[in-house]
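Student: Return atomic coordinates for the entry below.
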Amino acid sequence: MLIRPPADFKDCDVTDHGLYLRRREFILGSAGVGAASLIGGSAAQAAALKYSPNRMAIDEDKTPLKDVTGYNNFYEFGTDKGDPALYAKMMKTRPWTVTVAGLCEKTGQYGIDDLIRRFPLEERIYRMRCVEAWSMVIPWVGFPLAKLIKALEPTSQAKYVAFQTLRDPRQMPGQRSDILDWPYQEALRLDEALNPLTLMAVGLYGQTLPNQNGAPIRLVTPWKYGFKGIKSIVRIQFTANRPKTSWNILAPREYGFYGNVNPDVDHPRWSQAKERRIGEFFRRKTLPFNGYGDQVAGLYRGLDARTLY
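Tutor: Numbers count the residues shown, from 1 in each chain. Below you'll find the model as predicted:
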């Protein structure tokens with residue numbers, strides 16, 4: 001991953017032209033959304049925030065937008081890869097609030113636009129590796145989860161951060177099935193959540209996040225398999241004990257709590273040594289931690305890598 005310091009950037013490098021033109025989609029709030037204030041500051045001050053010059057990118061071709069938005073796992077809308085694009089259109093993402101609970105000082109309900117205004121947005125071009133052995137390269141737009149966590153002031157007892165997806169079978173027809181125990185739940189250790197790579201995404205390819213990709217806000221952890229990237233988040237909770245997570249509940253031998261990309265630990269039903277990059281004919285080798293080992297391997301020092309799947 002290439003991380004360039006601000007001195008290396010020109011204005012056109014920080015934000016591409018399309019993203020610049022669409023910036024108001026992210027910073028303009030919607031009226032009538034009741035939300036608590038995070039650390040203070042008026043809405044006018046928050047709306048004046050500009051994109052941070054920090055940009056993280058990899059030197060690999062980005063997956064075309066049509067594939068990123070048309071080939072998805074989002075079981076709330078169906079189990080076929082094309083179902084989310086077909087059925088997620090009915091989901092309303094405004095008004096939208098995220099409930100914060102548990103072991104932190106700033107519990108309460110936060111409007112999505114309040115969150116977007118509060119934290120400067122960045123573009124992060126990350127690899128995304130699905131547990132099903134396919135992968136993409138996606139240009140996300142969002143803010144580091146660490147900034148939100150620090151604003152919420154977790155207590156010293158907090159060791160984990162749990163996330164929950166919206167549950168609304170009227171808008172999410174896939175929830176009418178019993179394939180999972182709804183709502184979808186995921187979690188990270190607190191130190192994983194605070195890692196600089198961990199992103200709360202609200203857009204991709206310079207556009208507001210499409211419904212099928214987890215609008216209006218989702219988690220992105222590029223060193224983990226895609227099932228860890230919980231979508232359409234409505235609840236964040238700080239806990240002392242390890243929370244339950246949806247796929248681990250359903251099939252603990254196949255979907256571990258950590259979900260770290262490891263080519264040396266196979267899924268019980270297929271190899272994880274190689275992957276199919278969407279748009280490519282030949283399979284490529286899977287990288288440990290999806291190629292982000294320099295940034296995250298230290299989180300797991302002293303632990304058996306086989307237990308981190």
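Student: Show me which helix or strand of this structure is least confident by mean pLDDT.
Tutor: strand 2-4 (a mean of 28; mean pLDDT, DSSP states H and E).
Student: So which elements touch the longest strand anywhere in the chain?
Tutor: Longest strand in the chain, counting residues (DSSP state E): strand 134-144. Applying 3 or more Cβ pairs under 8 Å, 6 or more residues apart in numbering; DSSP states H and E, one finds that strand 134-144 contacts helix 65-70, strand 122-129, strand 199-204, strand 274-277. C-betas here are computed from N, CA, C, even on glycine.
Student: which element follows the third one toward the C-terminus?
Tutor: To tie it back to what came earlier, the one meant is strand 199-204. strand 207-208 (DSSP states H and E).
Student: Now do that following strand: distance to the chain's middle.
Tutor: 15 Å (Cα atoms, centre = their mean, to the nearest Å).
Student: so what secondary structure elements neighbour that strand?
Tutor: helix 23-27.
Student: And the helices in the stretch 201-309 of the chain, which stretches?
Tutor: Secondary structure of the stretch 201-309 of the chain by DSSP state H, counting those that start in this stretch: the helices cover 246-250, 293-296.
Student: now what about the longest one, what contacts it?
Tutor: Translated: helix 246-250. Helix 246-250 has contacts (Cβ atoms under 8 Å, 6 or more residues apart in numbering) with 180, 181, 184, 185, 186, 227, 254, 255, 256, 257.
Student: how near is the spatially most central residue of the chain to residue 273?
Tutor: Nearest to the geometric centre of the chain sits residue 219, at 1.9 Å (Cα atoms, centre = their mean). Taking Cβ to Cβ, to the nearest Å as the measure, residue 219 falls 26 Å from residue 273.
Student: cool, residue 156 as well?
Tutor: Distance from residue 156 to residue 273, by Cβ to Cβ: 41 Å.
Student: Between the two, tell me which one has more neighbours.
Tutor: residue 273 (14 against 7; other Cβ atoms under 10 Å).
Student: show me what contacts that one?
Tutor: 263, 264, 266, 285, 286 are the contacts of residue 273 under Cβ under 8 Å, 6+ apart.
Student: ok, residue 77 - contacts?
Tutor: 83, 84, 86, 87, 88, 172, 173, 174, 212.
Student: Show the average pLDDT along stretch 166-183.
Tutor: Taken as a whole, stretch 166-183 carries a mean pLDDT of 97.
Student: list the buried ones in that stretch?
Tutor: By neighbour count on 16 or more other Cβ atoms under 10 Å, the buried set for stretch 166-183 is 166, 168, 171, 172, 174, 175, 180, 182, 183.
Student: Between the two ends of that stretch, how far is it?
Tutor: 7 Å (Cα to Cα, to the nearest Å).
Student: all helices of the stretch 51-200 of the chain, in order?
Tutor: Counting by DSSP H, counting those that start in this stretch, the stretch 51-200 of the chain has these helices, from start to end: 65-70, 83-87, 112-118, 145-152, 190-193.
Student: any idea how far residue 154 is from residue 257?
Tutor: Residue 154 is 19 Å from residue 257, by Cβ to Cβ.
Student: Residue 69 now?
Tutor: Taking Cβ to Cβ, one finds residue 69 at 29 Å from residue 257.
Student: Check residue 244 too.
Tutor: 9 Å.
Student: When the two are compared, which one has more neighbours?
Tutor: The residue with more neighbours, out of residue 244 and residue 257, is residue 257; 21 against 13, by other Cβ under 10 Å.
Student: can you pull the contacts of the more buried one?
Tutor: Contacts of residue 257 by Cβ under 8 Å, 6+ apart are 187, 242, 245, 248.
Student: Backbone dihedrals for it, both of them.
Tutor: Main-chain torsions, residue 257, degrees, to the nearest 10: phi -60, psi -40.
Student: any idea how far it is from residue 67?
Tutor: 29 Å.
Student: Also residue 140?
Tutor: For residue 140, the distance to residue 67 - Cβ to Cβ - is 15 Å.
Student: now swap in residue 288 and tell me
Tutor: Taken as Cβ to Cβ, the span from residue 288 to residue 67 is 25 Å.
Student: if we can go back for a sec, so which of residue 140 and residue 67 has more stuff around it?
Tutor: Neighbour count, other Cβ under 10 Å: between residue 140 and residue 67, residue 140 has more, with 25 against 15.
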